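[1] return atomic coordinates for the entry below.
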Amino acid sequence: MSTQYLSEAEQAKLLALLANGVIPADETDRGAAEADAGAVLAARIAQGVHAKLYSLGLDAACTAAQTQFGKPLDQLEPGQIHEVLLALKATVPGFYKQLRGDVTSLYLNTPGVWERIGFPGASAHAGGYPDFDQPQQDRRKG
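    Okay, here's the model as predicted:
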């Protein structure tokens, strides 16, 4: 299946499925959905950022879903998405690595995630963390 002519919204839907496979939701947050990873990645593709690589990867993901499970990517269960991601890691490792890196970066740059993991936030505006060399308190909630 060629995903070359999908709309940005259609790409975002497929990318969200894959992103949520990279960082799934759990009891603490919505995983990659916390960063709206699918929409952000689709917008980047529309601007030409890694567009060819993502097009190749989306085509491979759709093909893997059909080959492995006999149905479109957007009809797979989370466990099946995980299996598709494993197939992508083996067949299009460049795409898999880019997707994993982009999703992780988006997730870890989400202020709600910072709070959950105890990261106090960006320090550039304050000239760094004055207590960087001191034992740190656990700032996580819960």
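
[2] what is the end-to-end distance of stretch 122-134?
    End-to-end distance for stretch 122-134: 18 Å, by Cα to Cα, to the nearest Å.

[3] hang on, I meant stretch 89-97
    Stretch 89-97: ends 8 Å apart by Cα to Cα.

[4] what comes up buried for that stretch?
    92, 95, 96 (16 or more other Cβ atoms under 10 Å). Every residue, glycine included, has its C-beta placed from N, CA and C.

[5] what's the neighbour count on residue 52?
    By other Cβ atoms under 10 Å, 11 other residues sit near residue 52.

[6] assign it to helix, strand or coil.
    Secondary structure state of residue 52, per DSSP: H, G, I helix; E, B strand; the rest coil, is helix.

[7] per-residue confidence for it?
    Confidence at residue 52, expressed as pLDDT, is 95.

[8] and it, how far is that from residue 137?
    From residue 52 across to residue 137, the span is 46 Å (Cβ to Cβ, to the nearest Å).

[9] what about this structure, any weak spots by pLDDT?
    1-4, 123-132, 139-142 (pLDDT under 70).
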